[in-house]
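Q: Here is a sequence with its predicted model. Questions after.
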Amino acid sequence: MAKIGIFFGSSTGNTEDAAKQIAQDLGAEATEISSTSEDEILECDYIVFGVSTWGAGDLQDDFDDFMGTLEGMDFSGKKVAVFGLGDQENYGDTFVDAMGIVGKAVKAAGGELVGTVATDGYEYDASEGEENGKFIGLPLDEDNQSDQSADRIASWVSELKKSFA
Ligand SMILES: Cc1cc2nc3c(=O)[nH]c(=O)nc-3n(C[C@H](O)[C@H](O)[C@H](O)COP(=O)(O)O)c2cc1C
């Protein structure tokens, strides 16, 4: 049976909560990026990375620490999805940038990104997470649109299930 793994970095718990919900919906396990390894990630056929954005468009600290390892990994033949937590009102110029940084690194390391999301319903000025008019993964905004997170996760996971089939 194909193995799915969710790996996340979270500073105040928002990405962790989302990771746990996504894991539950996918019937998989969510693991902190700080307590995993390259081998544990590459054992999975399908991989989901979750990361929040801090500073001004920076990676969450634990994810930042892992980035050197991630950039040296070989994701060939893997389908990878990314989600990101951010704040589109207070950080509208760097909205979910970390999701974009991680997604682009995965692609550069040979992975196939799945799970793009339309930008409808989000109000921001710029995002590293956007490419060709779409988000490369799922943005979630617990600071301003927490009431939409459950529905956004549910519809994203149902798309992922098709991509991961
Ligand atoms: C000091 C600070 C800087 C932040 N910088 C950004 C940013 O550049 N872009 C963004 O989209 N969100 C930014 N955020 C919002 C966080 O990403 C958001 O609150 C997120 O839900 C935190 O997730 P976590 O608890 O999993 O770390 C920032 C928040 C704080 C407090």
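A: Noted; the coordinates are in hand. Numbers count the residues shown, from 1 in each chain.
Q: make it CA atoms for all contacts and neighbour counts henceforth
A: OK.
Q: contacts for the longest helix anywhere in the chain?
A: As assigned by DSSP state H, the longest helix anywhere in the chain is helix 146-163. Residues from elsewhere that reach helix 146-163 (C-alpha atoms under 8 Å, 6 or more residues apart in numbering): 18, 21-22, 25-26, 81, 114-115, 117, 138, 140-142.
Q: Cross those residues against helices and list the overlap.
A: 18, 21-22, 25-26.
Q: Buried ones among the residues you listed?
A: The neighbour-count criterion (16 or more other C-alpha atoms under 10 Å) marks 18, 21-22, 26 among the ones in helices among the contacts of helix 146-163 as buried.
Q: Name the nearest of those residues relative to the ligand.
A: The shortest approach to the ligand among these belongs to residue 18, at 8.4 Å (C-alpha to the nearest ligand atom).
Q: Relative to the ligand, how far out is the residue lying closest to residue 21 once chain neighbours are set aside?
A: Among residues not flanking residue 21 along the chain, residue 153 sits closest, at 7.8 Å (C-alpha to C-alpha, 6 or more residues apart in numbering). Distance, residue 153 to the ligand, by C-alpha to the nearest ligand atom, to the nearest Å: 14 Å.
Q: Next up, the contacts around the residue nearest to residue 134 when sequence neighbours are not counted.
A: Once flanking residues are discounted, residue 134 sits nearest to residue 118: 5.1 Å by C-alpha to C-alpha, 6+ apart. Residue 118 sits next to 133-135 when contact means C-alpha under 8 Å, 6+ apart.
Q: Alright, I will stop here.
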